[in-house]
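In: Just to be clear, the model below is a prediction. Sequence and coordinates:
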Amino acid sequence: MADAPIRPAPVSPAGYDRVAVVTGADSGIGEATAVALAEQGFDVGITFHSDREGAEETARQVRERGRAAAVRGHDLTDPERAAAVVDELADELGGLGVLVNNAGTGSSTPVLRMDFRQWRSVLSVDLDGAFLCAQRAARRMIDAGRGGRIVSVTSVHEEYPRIGSGPYCAAKGGLRMLSRVLALELAPYGITVNTVAPGEIATPMTGQEDRPPRPGSRPGYPIDRPGDAREVAAVIAFLAGPSSSYVTGASLFVDGGMTLMGPQASGALASGGWREG
């Protein structure tokens, strides 16, 4: 890619392939994003780690909206092998205009008690896998010469730390900076690169099984509830669509104002229990 000639951006900001690949789309934010993109007229490639049934249900919803869907297993603990799925899905669906790096994992072990294998496992999924998928997607988009969109789902922890989440925070912060570098490198090809940073969202990953958020349940947040996956998906869909053609290198927080509460909330704490994670 380093030797690839720089081609002019496409004349039309909507000229890229109406095909999207969404990693980790078997539930939660990934599922909601796949459906939102189908509603915008995209065929969707869906990846999953272990929940094939969930991925097939996402595919059913995409097809229900009149778009094609394809499903692949995707184990990012082996990121080089897993990233090949991007090309497989693009070949099956006939192109690639959008990549949504959504697959991820976390940890709850303090750094001093964490072994290197656990550290590397989280980094492999959350950063190495996203890098390799973005690289493959960008190469295809450049070869096609019609531009495209890369959106990576990070977290508020791309900027704000959390006890017990050392590798997760490091990976999400690294993914934000990687996305900024890619935004610079890929702009001449008409490819935009952005991140979406969710706060607490009611999904299986946060132990809430995609149930509707309950107002008043999070008094420490300005919007006093967790988010809904569809609220995050709407922001991703905007960044994946033609209306975002002048947005690149940005990180959009979808957190109900949680991150505004730093000094405000710290002054209101009555105990040091937060040090336990």
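Out: Cool, the structure landed.
In: CA atoms only for the helix of greatest length in the chain - export them in CSV, please.
Out: The helix spanning the most residues in the chain, taking DSSP state H as the definition, is helix 166-186. Taking only C-alpha atoms (Å, rounded to 0.1, in the frame of the first residue of the first chain), the coordinates of helix 166-186 have been written out as CSV:
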residue,chain,number,x,y,z
GLY,A,166,-5.8,-1.8,31.6
PRO,A,167,-5.5,-3.6,28.3
TYR,A,168,-9.0,-2.5,27.2
CYS,A,169,-8.3,1.1,27.8
ALA,A,170,-4.9,0.8,26.1
ALA,A,171,-6.4,-0.9,23.1
LYS,A,172,-9.3,1.6,22.7
GLY,A,173,-6.9,4.6,23.1
GLY,A,174,-4.6,3.0,20.6
LEU,A,175,-7.5,2.4,18.2
ARG,A,176,-8.5,6.1,18.4
MET,A,177,-5.0,7.2,17.5
LEU,A,178,-4.7,4.6,14.8
SER,A,179,-7.9,5.9,13.3
ARG,A,180,-6.5,9.4,13.3
VAL,A,181,-3.4,8.3,11.4
LEU,A,182,-5.6,6.4,8.9
ALA,A,183,-7.7,9.5,8.5
LEU,A,184,-4.6,11.4,7.3
GLU,A,185,-3.3,8.6,5.2
LEU,A,186,-6.6,7.6,3.5
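In: Now it: average pLDDT?
Out: Rounded to a whole number, the mean pLDDT of helix 166-186 is 98.
In: what stretches of the chain score poorly on pLDDT?
Out: Across the chain, the stretches falling below the confidence threshold (pLDDT under 70) are 1-14, 204-211.
In: As a check, name the ranges of all strands in it.
Out: Along the chain, the segments classed as strands by DSSP state E run 19-22, 43-48, 69-73, 98-101, 148-153, 191-198, 251-254.
In: Touching the longest helix of the chain from outside, list them.
Out: Counting by C-beta atoms under 8 Å, 6 or more residues apart in numbering, the neighbours of helix 166-186 from elsewhere in the structure are 101, 105-107, 110-111, 114, 118-119, 122-123, 125-127, 130-131, 134, 138, 141-142, 150, 152, 154-155, 157-159, 161-162, 192-195, 197, 248-249, 251. C-betas here are computed from N, CA, C, even on glycine.
In: got the buried residues for it?
Out: Burial within helix 166-186, assessed by neighbour count using 16 or more other C-beta atoms under 10 Å, is assigned to 166-176, 178-180, 182-183, 186.
In: how much space is there between L132 and R63?
Out: 28 Å (C-beta to C-beta, to the nearest Å).
In: Revised request: answer the last question for G199.
Out: 31 Å.
In: Please say which of these two ends up with more neighbours.
Out: G199 (22 against 14; other C-beta atoms under 10 Å).
In: Identify the residue nearest that one in space, chain neighbours excluded?
Out: D255 (2.9 Å; C-beta to C-beta, 6 or more residues apart in numbering).
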